[in-house]
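In: predicted model and sequence below, questions to follow.
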Amino acid sequence: MKKLVIFLIFLLCISGCTKKEETETIVKEETENVIEEEDADDFKVLVICFSLKGEQYNVGVIDEGNTYIVSLMIADHFDADYVLIQPNKEYPDTYKELTEVAKEEQNENARPTYWNPIPDPQSYDLIFIGAPVWWGDWPMIMYTVFENNDFSGKTLVPFCTHEGSGLSGFDKKLQDACPDSTVLKGLAIRGSDAQNKRDDTKKVVEDFLKESGY
Ligand SMILES: Cc1cc2nc3c(=O)[nH]c(=O)nc-3n(C[C@H](O)[C@H](O)[C@H](O)COP(=O)(O)O)c2cc1C
């Protein structure tokens, strides 16, 4: 009889322990799910863009810059914070003159300034940075942006519009300018497509974001 009582107590202990462990596991899983959901809500995206209106190659005079159009599609996708770089100097609104000014800036390795504030990159989980290709490179004003803001430890996605030369090494150049950041695969779209084929462009943007895991 004594042995039977001891055996029964042993059985009760085992079942009690198992239940406690199961409950702890369920509580832990639920807590992890809540944290994941909170993380998803807290995932903050910033889009930084430089883009000009006026006369542009292949599209005539435009009142919305080509890169600007793409940048808004990206920002809409994430409901992101957004900043359009506003230069202190006025760039020519004719294409030929603009190419000359841009060439001069590049030859001088200039750092043109902008007047509007950029939110602190450190507050964001993911940052898209876009501009038109100018003479095979980022417009020089973007190097001012790279150097005057703290992108260290941040994940950056470059994007551009162009008229034939594609991404033009935007990713490598961005990585060189921001060596402590992680630069992901970039997106290149033809400016005239962004301007004139917006539905197609939207699909390209969405496909790119999907492929990139967003
Ligand atoms: C100064 C200047 C230089 C350019 N250089 C290139 C180039 O090297 N390769 C290219 O494919 N397109 C080049 N383009 C075309 C632009 O990248 C293209 O028109 C872009 O979509 C303009 O974008 P935005 O309207 O956002 O400023 C250049 C345009 C300008 C104004």
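Out: Yep, it's here. Numbering: from 1, shown residues only.

In: what sits against the nearest residue to residue 163 once chain neighbours are set aside?
Out: Computed as Cβ to Cβ, 6 or more residues apart in numbering, the closest residue to residue 163 that is not its neighbour in sequence is residue 57, at 4.9 Å. Placement of C-beta: from N, CA and C, glycine included. Residue 57 sits next to 95, 163, 191-192 when contact means Cβ atoms under 8 Å, 6 or more residues apart in numbering.

In: residue 57 and residue 139, how far apart?
Out: According to Cβ to Cβ, to the nearest Å, residue 57 and residue 139 sit 14 Å apart.

In: what domains does the record give for the chain?
Out: Domain ranges of the chain: 1-42, 44-211, per automatic domain parsing.

In: buried residues, stretch 64-80. List them.
Out: Applying a neighbour-count criterion of 16 or more other Cβ atoms under 10 Å, the buried positions in stretch 64-80 are 65-75, 77-78, 80.

In: same check on stretch 47-57?
Out: 47-52, 54-56.

In: just these that are near the ligand?
Out: Contacts with the ligand are made by 51-52, 56 out of those, judged by Cβ under 6 Å from any ligand atom.

In: of all the residues you listed, which comes closest to residue 106?
Out: Nearest to residue 106 among these, counting by Cβ to Cβ, is residue 52 at 15.6 Å.

In: quick one: the helices in this protein?
Out: With helices called from DSSP state H, the chain shows them at 2-42, 66-78, 95-107, 140-148, 170-177, 191-196, 198-211.

In: most widely separated two among the buried residues of stretch 47-57?
Out: Spatial extent of the buried residues of stretch 47-57 (Cβ to Cβ) is set by the pair 47 and 55 at 25.0 Å.

In: thinking again about what came up before, quick check, nearest of the ones next to the ligand among the buried residues of stretch 47-57 to the ligand?
Out: For those, the residue nearest the ligand by Cβ to the nearest ligand atom is residue 51; the value is 3.2 Å.

In: and the residue nearest the centre of the chain, how far from residue 173?
Out: Nearest to the mean C-alpha position of the chain, counting by Cα atoms, centre = their mean, stands residue 128 at 2.3 Å. Here the criterion is Cβ to Cβ. By it, residue 128 lies 16 Å from residue 173.

In: how about residue 203?
Out: In terms of Cβ to Cβ, residue 203 sits 27 Å off from residue 173.

In: over to residue 167?
Out: Residue 167 is 10 Å from residue 173, by Cβ to Cβ.

In: much appreciated, bye for now.
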